[in-house]
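Visitor: A predicted structure for the sequence below; I have some questions about it.
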Amino acid sequence: MSVVGGCGPVRYSVDEWETLPYQGNEYVQNRDGVRVELNNRENVDALPANFWATVQACNSYLQPEIGPSGPVMQRIGLIPYSDWVQKVAITNNTDHVIRLNQAVIRLFDPSGSQYALMGYDELQADLMAARPCPTTASAVPQVRLVPLVNRNVEIVPKTTYVGYLIFKPATTGMAGVWKMSLYEIPVATDQAGRVTKTTHFDIRSIQKHYVATYERPAVMINGEGLKLIERKEVQ
């Protein structure tokens with residue numbers, strides 16, 4: 001049993017964010033034989049195992065940390081918290097291979113600023129910048145195990161590709177309507193394999209900002225007893 005003592009109940013406020021489809025059916029769209037299904041925006045802490053790596057920790061001087069029993073190991077995320085991550089499933093119901101080598105995918109924030117899809121090279125550089133420790137280099141190759149939606153994706157007929165869309169906006173803490181656009185998705189080709197028709201998808205999300213007030217009791221047992229007092233949306 002773990003007990004944390006105190007002089008009395010303590011109230012504190014935190015910022016909380018929620019991202020939902022702009023409309024009820026916004027995250028599932030069918031057009032010209034292509035189906036796109038977008039998951040709710042991913043919580044970085046809940047990403048699957050291939051988004052994580054175990055490396056040697058570093059001290060405050062960015063030197064590899066050594067403890068009494070040897071190297072001190074640390075689990076790190078391969079995708080920094082500042083990135084916008086969403087999982088998508090693209091189903092090809094056409095009779096030809098869909099190649100995304102000419103597709104353009106953009107994220108638009110509520111102010112209208114647009115951001116390009118990140119690839120493996122950008123994600124590796126992003127990781128090194130977010131964790132400027134020499135031991136980070138040992139985790140960099142694992143970034144390529146993350147299933148991305150990128151220009152190398154090819155989806156054969158009657159199959160579904162499931163991957164992640166990752167962007168690096170100026171800030172993810174912006175309330176309002178975000179839009180993800182997938183342009184130039186090929187839906188028809190001629191006998192030589194040349195694209196004769198493309199389509200595009202606009203998928204909107206609404207991000208809401210709340211300030212939540214919690215009360216922590218004087219004594220908490222096993223972390224229990226925290227109470228939500230109020231949760232207000234910030235307009």
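Guide: Nice, I can see it.

Visitor: So which elements touch the lengthiest strand in the chain?
Guide: Ranked by residue count and defined by DSSP state E, the top strand of the chain is strand 195-216. The contact analysis (3 or more CB pairs under 8 Å, 6 or more residues apart in numbering; DSSP states H and E) places strand 195-216 against strand 10-21, strand 28-31, strand 34-38, strand 176-189, strand 227-233. All C-beta atoms are positioned from the backbone trio N, CA, C, and that covers glycine.

Visitor: The shortest one packs against which elements?
Guide: The reference is to strand 28-31. strand 34-38, strand 195-216.

Visitor: Neighbouring strands - and their directions - for that strand?
Guide: According to DSSP bridges, strand 28-31 forms sheet pairs with strand 34-38 (antiparallel).

Visitor: Kindly provide the whole-number mean pLDDT of the partner strand.
Guide: Averaged over strand 34-38, pLDDT sits at 96.

Visitor: and that strand, which residues are buried?
Guide: For strand 34-38, a neighbour-count test (16 or more other CB atoms under 10 Å) marks 34, 36, 37, 38 as buried.

Visitor: In this structure residue 208 contacts residue 233, no?
Guide: Yes. Because the distance of 5.8 Å satisfies CB atoms under 8 Å, residue 208 is recorded as touching residue 233.

Visitor: picking that back up, so can I have JSON lines of the buried residues of strand 34-38 showing distance to residue 112?
Guide: Formatted as JSON lines, the buried residues of strand 34-38 follow (distance: CB to CB, whole Å):
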{"residue": "34", "distance to residue 112": "26"}
{"residue": "36", "distance to residue 112": "22"}
{"residue": "37", "distance to residue 112": "26"}
{"residue": "38", "distance to residue 112": "20"}
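
Visitor: Closest to residue 82 out of those residues?
Guide: residue 38 (20.5 Å; CB to CB).

Visitor: Around the nearest residue in space to that closest one that is not next to it in sequence, count how many other residues there are.
Guide: Nearest non-adjacent residue to residue 38, counting by CB to CB, 6 or more residues apart in numbering: residue 27, 4.3 Å away. Neighbours of residue 27 under the rule other CB atoms under 10 Å: 20.

Visitor: Can you list the low-confidence ranges for the chain?
Guide: 1-7, 42, 44-45, 222-223 (pLDDT under 70).

Visitor: centroid residue for it?
Guide: For the chain, residue 85 is the residue whose C-alpha lies nearest the centre (CA atoms, centre = their mean; 1.5 Å).

Visitor: what secondary structure does that one sit in?
Guide: For residue 85, the assignment made with DSSP: H, G, I helix; E, B strand; the rest coil gives strand.

Visitor: So for the longest strand of the chain, what gets flagged as buried?
Guide: For strand 195-216, by 16+ other CB under 10 Å, it's 195, 201, 203, 205, 206, 207, 209, 216.

Visitor: try stretch 102-116
Guide: Buried residues in stretch 102-116 (16+ other CB under 10 Å): 103, 105, 107, 108, 109, 115.

Visitor: thinking again about what came up before, angle of the longest strand of the chain against strand 34-38?
Guide: 10 degrees (axes from the mean of the first three to the mean of the last three CA atoms, to 10 degrees).

Visitor: Identify the residues contacting residue 167.
Guide: Counting by CB atoms under 8 Å, 6 or more residues apart in numbering, residue 167 touches 83, 84, 107, 115, 116, 117, 118.

Visitor: among those residues, which are in helices?
Guide: Nothing among the contacts of residue 167 maps onto helices, per DSSP state H.

Visitor: May I ask which two of these are separated the most?
Guide: Among the contacts of residue 167, the pair separated by the greatest distance (CB to CB) is 83 and 116, which sit 12.7 Å apart.
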